[in-house]
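Engineer: Coordinates only, no sequence provided:
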């Protein structure tokens, strides 16, 4: 590529998370004059970045850093309303997200997946389906390899399967996937977007610039999705966990099938091949199968991918069964709707560990599933008081100062044959670096409990 359009330009990258580091490094290699700005006082990657030719500016952002920028690339975790970004705009710089920056430079076909819940599971499974189908496939975006790190490896025959978050989509003014997948919608990230309407508008950007030759794979069982994408020009493929009544995929006689525009029916995979915990994940598998099918993957490859997929770490992951009690790590359930689905995945005897940094929404949405299936709640983190207030009249709510203590307390509360599930309904950043660290701490605590039971300890 001819310097990727950045050679000789002054590029400011904001945010030294993995995507910002990838964008800064790539721009430096292309011959840009790169500054990576992060409000932290220290970052572990500083030496490597400087060795690559990136100037690292740490601490509070200063207007003078941004005043003479040609291009500002913003990491997904950085709010787009930062005053220094407006300074750059007034000075004539283009200000875009890292997601937009990278996808402009990818040469392969893009399959982008968004939704409030299920994105990572669906993205991973779609990637495996394309791989099974013999396609040159790269998976990334909000999971996996940052998109800026995929630019040099991108070829016209590459399929880029991308998990797209609202943070990425809100700063992607020209993003245009060949296939867009909108899994579901419920309030989330209100601490960032402010209102449900703003969050929905960010999500809807996934289809906003699609054209007639593109495809939008949409949830027929979620009215909010239909409302948000009503403007799309793309061909619509609807997925459902019922029998499909329009063009798209659904379930007929125990199998995932695709119904064509002319009424034809193609069997894609038996439902019995699905190995995931939780009935709501069936919808994600149907969406993935529909996406792969319209993308040209053969049914046999779709079935092989489903049968070989046991789910993701931290997403309804069965950690251990101790004396008949299952311990399930759903640390990725960072909003109320995801936590509700998590609790509803089990028949009864549920002790849910809930809490963290609250992102907005209504924790009262957990009352119904807890009343039907729950035994107790263990509240953790900043939101413990909110959890008690919202749920304490439905089931007993107990506080725990740490996640380790929460696991021990849940073990004492859970009935024989029950389930202890980490279903936080909150972000992790009050106690942990991210949801993955929270999930690992939960898993480690369960392993210690399991070892102590083997030794006969209480």
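Structural biologist: Nice, I can see it. Predicted, not measured: the structure shown is a model, and the values here were computed from it.
Engineer: Outline the domain layout of the chain.
Structural biologist: 8-100, 104-307, 317-454 (automatic domain parsing).
Engineer: would a markdown table of those domains with mean pLDDT and mean neighbour count be doable?
Structural biologist: The way it works is simple: take the backbone N, C-alpha and C, and place the C-beta from them, glycine included. Listed next are those as a markdown table, based on pLDDT from 0 to 100; neighbours: other CB atoms under 10 Å:
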| stretch | mean pLDDT | mean neighbour count |
| --- | --- | --- |
| domain 8-100 | 94 | 19 |
| domain 104-307 | 93 | 20 |
| domain 317-454 | 96 | 20 |
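Engineer: Hmm, residue 435 is touching residue 332, no?
Structural biologist: Yes: between residue 435 and residue 332 there is a contact under CB atoms under 8 Å: 5.5 Å.
Engineer: Overlap of the contact sets of the two?
Structural biologist: residue 314 (CB atoms under 8 Å, 6 or more residues apart in numbering).
Engineer: quick one: the strands in the stretch 101-250 of the chain?
Structural biologist: Shown for the stretch 101-250 of the chain, the strands assigned by DSSP state E, counting those that start in this stretch span residues 109-114, 136-141, 158-163, 179-182, 215-219, 235-239, 248-252.
Engineer: and what of the stretch 301-450 of the chain?
Structural biologist: Using DSSP E, counting those that start in this stretch, strands in the stretch 301-450 of the chain cover 317-322, 325-329, 350-355, 374-380, 397-399, 419-422.
Engineer: which helices and strands sit right next to the first one?
Structural biologist: Read it as strand 317-322. Packing partners of strand 317-322 (3 or more CB pairs under 8 Å, 6 or more residues apart in numbering; DSSP states H and E): strand 325-329, helix 435-454.
Engineer: my guess is residue 92 is in a helix, correct?
Structural biologist: No: if the criterion is DSSP: H, G, I helix; E, B strand; the rest coil, then residue 92 is coil and not within a helix.
Engineer: Quick check on it: phi, psi?
Structural biologist: When read as degrees, to the nearest 10, the backbone of residue 92 gives phi 100, psi 10.
Engineer: ok, it to residue 85 distance?
Structural biologist: For residue 92, the distance to residue 85 equals 13 Å [CB to CB, to the nearest Å].
Engineer: Quick check: the gap between the residue nearest to residue 365 when sequence neighbours are not counted and residue 252.
Structural biologist: Leaving out its chain neighbours, the residue that sits closest to residue 365 by CB to CB, 6 or more residues apart in numbering is residue 336, at 4.8 Å. From residue 336 across to residue 252, the span is 32 Å (CB to CB).
Engineer: And for residue 18?
Structural biologist: Remark: distance between residue 18 and residue 252 (CB to CB) = 42 Å.
Engineer: again, but for residue 392
Structural biologist: Residue 392 is 44 Å from residue 252, by CB to CB.
Engineer: and the closest residue to residue 293 other than its chain neighbours, helix, strand or coil?
Structural biologist: Leaving aside its chain neighbours, residue 293 sits nearest to residue 258 (5.1 Å; criterion: CB to CB, 6+ apart). Under three-state DSSP, residue 258 falls in the strand class.
Engineer: For residue 258, give me its contacts.
Structural biologist: Residue 258 neighbours (CB under 8 Å, 6+ apart): 244, 248, 249, 265, 266, 268, 289, 290, 293.
Engineer: What about those, which are in helices?
Structural biologist: 289, 290, 293 (DSSP state H).
Engineer: wait, the second one sits on residue 239?
Structural biologist: What that stands for is residue 290. Yes: counting by CB under 8 Å, residue 290 does reach residue 239; the two are 4.7 Å apart.
Engineer: which residues do the two both contact?
Structural biologist: Common neighbours of residue 290 and residue 239 (CB under 8 Å, 6+ apart) are 217, 248, 249.
Engineer: where do the helices sit along the stretch 101-250 of the chain?
Structural biologist: 119-132, 166-169, 190-193, 196-208, 223-228 (DSSP state H, counting those that start in this stretch).
Engineer: Tell me the spacing between residue 400 and residue 87.
Structural biologist: As for residue 400, its distance to residue 87 is 45 Å (criterion: CB to CB).
Engineer: Now distance to residue 199 too, for the ones in helices among the contacts of residue 258, in JSON lines please.
Structural biologist: Rendered in JSON lines, the data for the ones in helices among the contacts of residue 258 read as follows (distance: CB to CB, whole Å):
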{"residue": "289", "distance to residue 199": "27"}
{"residue": "290", "distance to residue 199": "25"}
{"residue": "293", "distance to residue 199": "30"}
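Engineer: Looking at those residues, which is nearest residue 113?
Structural biologist: residue 290 (11.6 Å; CB to CB).
Engineer: And the closest residue to that closest one other than its chain neighbours, how close does it get to residue 163?
Structural biologist: Counting by CB to CB, 6+ apart, residue 290 lies nearest to residue 249, which is 3.6 Å off, once chain neighbours are set aside. The gap separating residue 249 from residue 163 is 20 Å, by CB to CB.
Engineer: for residue 261, same thing?
Structural biologist: Residue 261 is 28 Å from residue 163, by CB to CB.
Engineer: swap in residue 270?
Structural biologist: 26 Å.
Engineer: got the contact list for residue 179?
Structural biologist: Neighbouring residues of residue 179 by CB under 8 Å, 6+ apart: 109, 110, 111, 112, 214, 215, 216, 217, 291, 294, 295.
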